[in-house]
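K.L.:
Got a predicted structure plus its sequence, pasted below:
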Amino acid sequence: MAEQSLRKAPLGGFHGGSAAAHVTAAGPATRLSLRAGADAVPALSKALGLDLPTKPKTSASLNGRHALWLGPDEWLVIDESGADLTALAAKAAVLHSAVDISHRNTAVLVAGTKAAEAIASGSPHDLSPKVFPVGACARTVLGKIEVVIFRTGEQEYRVECWRSFAPYAFALLAEGAEDAGL
Amino acid sequence: MLLIHCPYCEEERSELEFRHGGDAHIARPTNIADISDEEFEEFFFLRDNPKGLIFERWRHVHGCGRFFNAARDTVSDKFYASYKAGEPKPDLPGISPATEKTVETYEATEGTAK
């Protein structure tokens, strides 16, 4: 009998954090690394069903789909329901580059009263509400790795990192959460 | 920690997110096949190493990923200004690069080494 192969989540079974900052692995999602010029933004926005943000550090969200501004011509699109984003982007008949990075990235969710402190233990990025309100996002560093921090709520953050770095990111955030909870 | 203003992100970010990219405003020759070896060496290899004001390329590699230019002091590490790639050098009143007269050389301060 053929053995069925099972997909193992990059952070399957990881747990950590503290009462002040919960650290959990995010569920599977499809992701798109999208590069396009300013003239292609309206058509791509229509194809993806949400307005691609053009202001630095802002994002757009609709029904579990998020478009994060990473650079002047670069976005990270995340769909938590698993929609085929590359096929959607391909419907826009404008010049763009869309690379499926669903399995390159994974995410750690940090939530709680001291979630920002937990992230700040490893990241130099300013997470104060004045410059990083709900919906803000930024590519920055966490310890020795590159991450994308996305503020999904007043006390909730999504930290996107490359899957091979995920155990490092998770351990660092869990350690930070423990320290923040002291 | 040094904070560097990224003209594309429009805010100051930690130096950890940046990479240095060498001198800015280097005019590449348009007739590369015609120039002599000496002229090629001049533009390709030889760079000034000024004391004080320098114009450099920087890349916000762990942020927006963009190259931009910045005016920096090589002694104090202070960033005077940063501006988008392709823009001309900004006016920096009162700040000028060091000249041979203002650089303290060993010979000038300590005498000739014997």
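P.N.:
Okay, I see it.
K.L.:
average pLDDT for the helix or strand containing residue A:69?
P.N.:
Assigned by DSSP states H and E, residue A:69 belongs to strand A:65-71. In this model, strand A:65-71 has an average pLDDT of 96.
K.L.:
can you give me the offset of the following helix or strand past it from its chain's centre?
P.N.:
The helix or strand immediately downstream of strand A:65-71 is strand A:74-79, counting by DSSP H and E. Distance of strand A:74-79 from the chain centroid (CA atoms, centre = their mean, to the nearest Å) equals 8 Å.
K.L.:
end to end, how far does stretch A:109-128 reach?
P.N.:
18 Å (CA to CA, to the nearest Å).
K.L.:
Show residues contacting it.
P.N.:
Residues from elsewhere that reach stretch A:109-128, judged by CB atoms under 8 Å, 6 or more residues apart in numbering or on different chains: A:17-26, A:132, A:138, A:140-143, A:147, A:149, A:151, A:153, A:155-159, A:172-173, A:175-177, A:179-181, B:1, B:13-14, B:16-17. Glycine gets a C-beta too; all of them are placed from N, C-alpha and C.
K.L.:
Work out the gap between it and the centre of the chain.
P.N.:
That offset, for stretch A:109-128, works out to 14 Å (CA atoms, centre = their mean).
K.L.:
Please apply the same query to stretch B:20-31.
P.N.:
Offset of stretch B:20-31 from its chain centre (CA atoms, centre = their mean): 11 Å.
K.L.:
helices or strands next to the lowest-mean-pLDDT helix or strand in chain A in the packing?
P.N.:
Of the helices and strands making up chain A, the lowest-confidence element is strand A:16-17, at a mean of 89, by mean pLDDT, DSSP states H and E. Judged by 3 or more CB pairs under 8 Å, 6 or more residues apart in numbering or on different chains; DSSP states H and E, strand A:16-17 is in contact with strand A:22-25, helix A:166-180.
K.L.:
export the ones you listed to TSV and tack on distance to chain B?
P.N.:
Shown next, in TSV, are the helices and strands packed on strand A:16-17 (distance: least, CB to the nearest CB, whole Å):
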stretch	distance to chain B
strand A:22-25	22
helix A:166-180	14
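K.L.:
circling back to that earlier point, mind listing what the least confident helix or strand of chain A pairs with, with the direction of each?
P.N.:
strand A:22-25 (antiparallel) (DSSP bridges).
K.L.:
export the strand it pairs with as CSV, just CAs?
P.N.:
Backbone C-alpha positions of strand A:22-25 (Å, rounded to 0.1, in the frame of the first residue of the first chain) are rendered in CSV as follows:
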residue,chain,number,x,y,z
HIS,A,22,0.7,35.1,23.3
VAL,A,23,2.9,33.7,20.5
THR,A,24,1.2,31.3,18.1
ALA,A,25,1.9,30.0,14.6
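K.L.:
how far off strand A:74-79 does the helix or strand just after that strand point, in degrees?
P.N.:
The helix or strand immediately downstream of strand A:22-25 is strand A:30-36, counting by DSSP H and E. For strand A:30-36 against strand A:74-79, the angle by axes from the mean of the first three to the mean of the last three CA atoms, to 10 degrees is 150 degrees.
K.L.:
buried set for the helix or strand just after strand A:30-36?
P.N.:
Moving toward the C-terminus from strand A:30-36, the next helix or strand (DSSP H and E) is helix A:41-48. Of all the residues in helix A:41-48, those buried under the rule 16 or more other CB atoms under 10 Å in any protein chain shown are A:41, A:43, A:44, A:45, A:47, A:48.
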